[in-house]
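*Asks:* Sequence plus predicted model, see below.
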Number of protein chains: 2
Amino acid sequence: MIIVHEPAEVARAATGPITFVPTMGALHAGHASLVSLAAAGSGTVVVSVFVNPSQFGPGEDFGRYPRDLAADARLAERAGADILFAPTVETVYPVGFATTVDPGPIAMDLCGRTRPGHFAGVATVVTRLYGLVQPQRAIFGRKDYQQLVVLRQTAVDLALGVDVVGAPTVRDADGLALSSRNAFLSSDERSRALALPACLAAIAAAHHAGERDGTHLEAVGREHLAGLAVEYLELRAADRLGPWTPDRLGVALVAARVGTTRLIDNILLDPAQPGSALASAFPKEPS
Amino acid sequence: MIIVHEPAEVARAATGPITFVPTMGALHAGHASLVSLAAAGSGTVVVSVFVNPSQFGPGEDFGRYPRDLAADARLAERAGADILFAPTVETVYPVGFATTVDPGPIAMDLCGRTRPGHFAGVATVVTRLYGLVQPQRAIFGRKDYQQLVVLRQTAVDLALGVDVVGAPTVRDADGLALSSRNAFLSSDERSRALALPACLAAIAAAHHAGERDGTHLEAVGREHLAGLAVEYLELRAADRLGPWTPDRLGVALVAARVGTTRLIDNILLDPAQPGSALASAFPKEPS
């Protein structure tokens, strides 16, 4: 694996079609699974590490977001990356940069209600990174489910020619979804954070048992969230996050603050193959 | 030349790199000059005809904008087009389309002051059309100067891989810049519309004579606009439409209503090669 900082170096080093794993660094086993999935195909695997300032709001954790390029490089290489692309802020946002890719109403929904510029920041940087890296395929974790839906829409709407693939969430043994932000949790907070996967597992179990009333499914989950600062717990249609109906693939999404750390998680609800346990309750998401 | 309606047909018919001339139809000799310029290169020349609803504001002339595909096809073919791409609204904006490409502050300047969503509409549709057509190069008329600057910025910011080329404005013998909207002018209005090129010619002449005071140059031009509903007359730096200084390539831009028809025009002011007459006063714009 080589580490490069300029787009031209990516183009020079790549052979065959590029599969791209854009990240903000602080790589963990969840990222490793994305890179491994990318490496299972042919062509070149490019992992980018760029902490994108424009997707953090005022007062959010841009400053304290963890950064360790050497550790990221070791993990990316072990997982099968060919190129680690670590551009500077000046390369991604040169003087005069002014364009925003606005995903429309979905950007103001769910996480967007409390993070108004977040998804436009994500859609903009990812569109620009596609331009710099020229991938044929890009892989994102399903843990950031709304982000995945937003980036599918961006790629389709702007006909970017990039196949956007969602990969399963990787969890610790206790069920907590891996996230770079878990590092911010104290030991006590980490215990309390388990309410998120517990809530989703309860919804999946009720769904598996035949419960099809959305309000009731949400109530089943909400019992587990007592004491947390819940931003939302919602059932939605999995394709575009519109209203859920029981005959369609659904997704239960939760966002909550534990201490000062904001965590999100989700679980898919497949009417054909209801999941009975957290580990099996992540069927293939719609494309 | 073939006429196609689907992007896949463009891809099938194209041989070699594509030079793209996006238009809203109602083609005239100005468009023909863009197509001829495109045809002077190698590869395939694709002309699109699509009256883009999202770049018209409420109360603007979307409904009465002239449409005549057969006449457009004749003109495009004579000028050297290989493919005329006439997509439907459903092809350009399929159900669920929601993304906007927002060019930032420039979209609210000059024409954007009275047409708030216009340049976002232009940047969005052109980005999508690039995705559908996959050009290496795109050619736009310099008559819509701010549009050209916006589209250069979009292509650079999003690293779209499209070389955006501006082509000289084509004028009638009396100096009026060709525009599809000239068809709306009555005979009397057409005479009054000549105030726009007269204004710009006077500015160019004063600049040629050594005048370097922006306020004075504007005043020289404004004398010709008496009786018109002027939206703006401004001198700007030609590269990104920032403040003009006499040592830099400048552009004088004018927008005015003649009757119910909104007309725009501009002229470049080159400090090294000042133009003495309208015909010679359009040096190469900065890229």
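*Replies:* Ah, there it is.
*Asks:* contacting residues around the nearest residue to A:L241 once chain neighbours are set aside?
*Replies:* Counting by Cβ to Cβ, 6 or more residues apart in numbering or on different chains, A:L241 lies nearest to A:V149, which is 5.5 Å off, once chain neighbours are set aside. Placement of C-beta: from N, CA and C, glycine included. For A:V149, the contact set (Cβ atoms under 8 Å, 6 or more residues apart in numbering or on different chains) comprises A:106, A:239-241.
*Asks:* Which of the residues you listed are buried, as a PyMOL select command?
*Replies:* To isolate the buried members of the contacts of A:V149 in PyMOL, using 16 or more other Cβ atoms under 10 Å in any protein chain shown:
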select buried, chain A and resi 106+239+241
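*Asks:* now the contacts of A:V149 in TSV, with secondary structure?
*Replies:* Shown next, in TSV, are the contacts of A:V149 (DSSP: H, G, I helix; E, B strand; the rest coil):
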residue	secondary structure
A:I106	helix
A:D239	coil
A:R240	coil
A:L241	coil
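*Asks:* one step back: any idea how far the residue nearest to A:L241 is from B:S186?
*Replies:* 52 Å (Cβ to Cβ, to the nearest Å).
*Asks:* Then A:T15?
*Replies:* As judged by Cβ to Cβ, A:T15 and B:S186 stand 63 Å apart.
*Asks:* what do you get for A:E77?
*Replies:* Taking Cβ to Cβ, one finds A:E77 at 72 Å from B:S186.
*Asks:* Which one of the two is surrounded by more residues?
*Replies:* Taking neighbours as other Cβ atoms under 10 Å in any protein chain shown, A:E77 and B:S186 compare with A:E77 leading, 16 against 11.
*Asks:* Let me know the helix or strand that that one is in.
*Replies:* According to DSSP states H and E, A:E77 maps onto helix A:69-79.
*Asks:* buried stuff in that helix?
*Replies:* Of all the residues in helix A:69-79, those buried under the rule 16+ other Cβ under 10 Å are A:72-73, A:75-77, A:79.
*Asks:* Would you confirm that A:A32 contacts A:L75?
*Replies:* Yes: counting by Cβ atoms under 8 Å, A:L75 is a contact partner of A:A32 at 5.9 Å.
*Asks:* Show the model's pLDDT score for the residue of the stretch 151-287 of chain A found nearest chain B.
*Replies:* Relative to chain B, the nearest point of the stretch 151-287 of chain A is A:A159 (2.5 Å; Cβ to the nearest Cβ). In this prediction, A:A159 carries a pLDDT score of 98.
*Asks:* The one 10 residues further on now?
*Replies:* At A:T169, the model reports a pLDDT of 97.
*Asks:* A:G63 too?
*Replies:* The model's pLDDT for A:G63 equals 89.
*Asks:* Could you show which parts of chain A are in contact with chain B?
*Replies:* Proximity of chain A to chain B (Cβ under 8 Å from any Cβ of the partner chain) is limited to residues A:7, A:96-106, A:123, A:127-128, A:130-132, A:134, A:153-154, A:157-161, A:240.
*Asks:* are any of those residues buried, and which?
*Replies:* Applying 16+ other Cβ under 10 Å to the residues of chain A next to chain B flags A:7, A:97-104, A:106, A:123, A:127-128, A:130-132, A:134, A:153-154, A:157-160 as buried.
*Asks:* Filter the residues you listed down to the ones in strands?
*Replies:* Cross-referencing these against strands under DSSP state E gives A:100-102.
*Asks:* As a check, name the ranges of all strands in the stretch 151-287 of chain A.
*Replies:* A:163-167, A:229-237, A:250-258, A:261-269 (DSSP state E, counting those that start in this stretch).
*Asks:* Now tabulate those in TSV and tack on mean neighbour count.
*Replies:* Listed next are the strands of the stretch 151-287 of chain A as TSV, based on neighbours: other Cβ atoms under 10 Å in any protein chain shown:
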stretch	mean neighbour count
strand A:163-167	20
strand A:229-237	18
strand A:250-258	23
strand A:261-269	24
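*Asks:* Any stretches of the stretch 151-287 of chain A with poor pLDDT?
*Replies:* For the stretch 151-287 of chain A, the stretches with pLDDT under 70 are A:273-287.
*Asks:* ok, longest helix in chain A?
*Replies:* Selection of the longest helix in chain A by residue count, based on DSSP state H, yields helix A:118-133.
*Asks:* Can I get it in PDB, CA atoms only?
*Replies:* Taking C-alpha atoms only, helix A:118-133 is exported to PDB below (Å, rounded to 0.1, in the frame of the first residue of the first chain):
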ATOM      1  CA  HIS A 118     -24.300  18.100   7.800                       C
ATOM      2  CA  PHE A 119     -25.600  16.100   4.800                       C
ATOM      3  CA  ALA A 120     -24.900  18.900   2.400                       C
ATOM      4  CA  GLY A 121     -21.300  18.900   3.700                       C
ATOM      5  CA  VAL A 122     -21.100  15.100   3.200                       C
ATOM      6  CA  ALA A 123     -22.700  15.100  -0.200                       C
ATOM      7  CA  THR A 124     -20.400  18.000  -1.300                       C
ATOM      8  CA  VAL A 125     -17.100  16.400  -0.100                       C
ATOM      9  CA  VAL A 126     -18.000  13.000  -1.400                       C
ATOM     10  CA  THR A 127     -18.900  14.400  -4.800                       C
ATOM     11  CA  ARG A 128     -15.600  16.200  -4.900                       C
ATOM     12  CA  LEU A 129     -13.700  13.200  -3.700                       C
ATOM     13  CA  TYR A 130     -15.300  11.100  -6.500                       C
ATOM     14  CA  GLY A 131     -14.000  13.700  -8.900                       C
ATOM     15  CA  LEU A 132     -10.500  13.500  -7.500                       C
ATOM     16  CA  VAL A 133     -10.400   9.700  -7.200                       C
END
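*Asks:* and it, what does it pack onto?
*Replies:* helix A:7-13, strand A:18-23, strand A:44-49, helix A:89-92, strand A:100-102, helix A:111-114, helix A:145-157 (3 or more Cβ pairs under 8 Å, 6 or more residues apart in numbering or on different chains; DSSP states H and E).
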